[in-house]
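1. Need coordinates for the below:
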Amino acid sequence: MSTVKANPLPTAAELRSRFDAAPPYTVGIEDEVMVLDPGTLELAPRASQVLARMEEDPRFKLELPAAQLEITVPPSASVPETARALLEGRRDLAARADGLVRLAGAGVHPTSSGSGELNQAPRYRRTIREYGEIAERQLVCALQVHVAVPGAERALAVYNAARDYLPWLAAVGANAPFYEGRDTGLASVRVKIGELLPRQGVPPAIESWEDYAGALAWGATSGTFPDPSSWWYELRPHPRWGTLELRVPDGQTTVAGAAALAAMAQALMAWLGERHDAGELPPATPTWRIEQNRWSACRYGVEGDMADLNNGAVRATRECLYELLDALEPIAKRLGAGGALHGARELVEVNGAIAQRRVADQAGIHAVPGWLASRFLEPWPG
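-> Take a look at the predicted model:
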């Protein structure tokens, strides 16, 4: 059996060097999209056939599910530039795939079986062997946003502080209410499917770069996660790129939705970076408290409540989000993402989960996949 040679594990000094060299608050995107049969609009395990049409274009790659592809958007200084590149990537992918498949964005497919074929690429063989049928259930799509935070110590402080806001981003980005043809009662069932695997959800606080390097070394020595790519938490310092990678939102139906979440993530990281510089960031919050809010985001999305992480006082999630967006708006405007951040306000009112349910209420759940596919190339208003 062939194996994949793991990348050498980074030392603490190497991690510091990479994050010290990070440019200020650039933003990149990894957009995981569903591959659908053009007739039935059910998941179709044809991703490798689509990729063969892409002529080794580095923007596109396979993922674990055989009915999923990823569009990668290199980092840029502004969210509008990133969004334009994402729309171009979606258009190019759809054009090359025409007649073979259709494409759609959401956290999970609303009506297909929750278990499906997997790509047998060498880099996935260990996951398939280790997790078996659980791996076959990982037919989930996320929007991953990379933000570069300049300075190693600043980046680590921002990482620890950003953990508090993961449930807020999850609520805005919730886009997976249906599973195997039924309403789960959740705003995002993707969260619960992911929890079948280890190292999911709110990540641990990291005290130092030695702490992080030690965690990665422990995973490699124990064989439980032999390389940093298997540190699957909803936020992680990316050792190769020197970015903080947010992995919490569901895949988004439109480029506008992806741009809104990218703008929110970029402005949040910059805001926390400025608070760090001013000495205003609090100590890292215990993970279990953040996980209480994570459940609310999973269950209710933007329609629930969030508990204050210090005193436990409860407020409406929408109230918390609007207050945060007010704080982020000046920074987003300075970064050129003011228009995209306005899209986040629209998602606070009607996120993907709410929109999918409205379609199902009007036309039935089996109309949702076609609605998702019809919006895949929707122009971004920015």
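
2. right, and Ala256 touches Leu377 too?
-> No. Counting by CB atoms under 8 Å, Ala256 sits too far from Leu377 to count as a contact (11.6 Å). Placement of C-beta: from N, CA and C, glycine included.

3. can you map out the helices along the stretch 201-350 of the chain?
-> Along the stretch 201-350 of the chain, counting by DSSP state H, counting those that start in this stretch, helices occupy 209-222, 255-277, 287-300, 317-334, 338-349.

4. Below-threshold pLDDT in the stretch 151-300 of the chain: ranges please.
-> For the stretch 151-300 of the chain, not a single residue meets the criterion pLDDT under 70.

5. mind listing the strands in the stretch 1-150 of the chain by residue range?
-> With DSSP state E, counting those that start in this stretch as the criterion, the stretch 1-150 of the chain has strands at 27-36, 60-62, 68-76, 102-104, 143-147.

6. so which of the helices of the stretch 201-350 of the chain gets nearest Ala104?
-> helix 255-277 (12.6 Å; CB to CB).

7. Hey, what's the angle from that closest one to strand 68-76? Just curious.
-> 50 degrees (axes from the mean of the first three to the mean of the last three CA atoms, to 10 degrees).

8. Buried ones in helix 255-277, by neighbour count?
-> 255-273, 275-276 (16 or more other CB atoms under 10 Å).

9. Over to stretch 83-92?
-> For stretch 83-92, by 16+ other CB under 10 Å, it's Ala83, Arg84, Ala85, Leu86, Leu87, Gly89, Arg90.

10. Not counting sequence-adjacent ones, nearest residue to the third one?
-> Pointing back at Ala85 there. Leaving aside its sequence neighbours, Ala85 sits nearest to Val73 (CB to CB, 6 or more residues apart in numbering; 4.7 Å).

11. now do Tyr233
-> Going by CB to CB, 6+ apart, Tyr233 has Pro203 as its nearest residue, at 3.5 Å.

12. Pull the contacting residues for that neighbour.
-> By CB atoms under 8 Å, 6 or more residues apart in numbering, the contact list for Pro203 reads Arg163, Trp231, Tyr233, Glu234, Leu235, Arg236, Thr287.

13. Next one: it from Val50, what distance?
-> According to CB to CB, to the nearest Å, Pro203 and Val50 sit 32 Å apart.

14. Could you tell me which residues within stretch 140-156 count as buried?
-> Those would be 140-152, 154-156, for stretch 140-156 by 16+ other CB under 10 Å.

15. who's in contact with His146?
-> Val27, Gly28, Ile29, Glu30, Pro75, His238, Trp241, Thr243, Leu244, Glu245, Leu246.

16. Against Thr287, how distant is the third one?
-> Here the criterion is CB to CB. By it, Ile29 lies 26 Å from Thr287.

17. ok, these two, which is more surrounded?
-> Taking other CB atoms under 10 Å, Ile29 and Thr287 do not tie; Ile29 has more neighbours (27 against 14).

18. Just give the number of residues close to the closest residue in space to the more buried one that isn't next to it in sequence.
-> Nearest residue to Ile29, sequence neighbours excluded (CB to CB, 6+ apart): Val73, at 4.3 Å. Val73 has 24 neighbours, counted by other CB under 10 Å.

19. Next one: Val73 from Thr82, what distance?
-> Applying CB to CB to Val73 and Thr82 gives a distance of 5 Å.

20. residues shared between the contacts of those two?
-> With CB under 8 Å, 6+ apart, Val73 and Thr82 have common neighbours Gly28, Ile29.

21. Name all residues that make contact with Ala327.
-> With CB under 8 Å, 6+ apart, Ala327 has these contacts: Trp271.

22. just Leu324 next, same as before
-> The neighbours of Leu324, taking CB under 8 Å, 6+ apart as the test, are Tyr165, Trp168, Leu268.

23. Try it again at 10 Å.
-> Tyr165, Trp168, Leu169, Val172, Met264, Ala267, Leu268, Trp271, Ala344, Val348 (CB atoms under 10 Å, 6 or more residues apart in numbering).

24. how about those, which pair is most distant?
-> Trp271 and Val348 (17.2 Å).

25. Same list (the contacts of Leu324) but as CSV, adding distance to Asp305.
-> Shown next, in CSV, are the contacts of Leu324 (distance: CB to CB, whole Å):
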residue, distance to Asp305
Tyr165, 16
Trp168, 12
Leu169, 16
Val172, 15
Met264, 20
Ala267, 24
Leu268, 20
Trp271, 23
Ala344, 19
Val348, 14
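
26. nearest to Ala106, of these?
-> Val172 (14.8 Å).

27. related to what we said a few turns ago, let me know the closest of the buried residues of stretch 83-92 to Thr11.
-> Ala85 (33.0 Å).

28. OK, contacts around the closest one?
-> Contacts of Ala85 by CB under 10 Å, 6+ apart are Gly28, Ile29, Arg59, Ile71, Thr72, Val73, Pro74, Ser76, Val255.

29. ok, which pair from these is furthest apart?
-> Pro74 and Val255 (15.9 Å).

30. can you pull the contacts of the closest residue to Ile134 other than its chain neighbours?
-> Nearest residue to Ile134, sequence neighbours excluded (CB to CB, 6+ apart): Leu196, at 4.7 Å. Contacts for Leu196 were tallied using CB under 10 Å, 6+ apart; they are Tyr131, Glu133, Ile134, Ala135, Arg137, Gln138.

31. which one of those is nearest Glu280?
-> Gln138 (38.9 Å).

32. and the gap between the closest one and Tyr165?
-> 25 Å.

33. ok, now Asp20?
-> 24 Å.

34. which of those two has more neighbours?
-> Taking neighbours as other CB under 10 Å, Asp20 and Tyr165 compare with Tyr165 leading, 23 against 14.

35. which residues touch the more buried one?
-> Per CB under 10 Å, 6+ apart, neighbours of Tyr165: 235, 246, 248, 264-265, 268-269, 271-272, 290, 293, 320-321, 324.

36. likewise Gly114?
-> Taking CB under 10 Å, 6+ apart, we find Gly114 in contact with Leu43, Val108, Glu136, Arg137, Gln138, Leu139, Val140, Tyr179, Glu180, Gly181, Val189, Ile193.

37. That'll do, ta.
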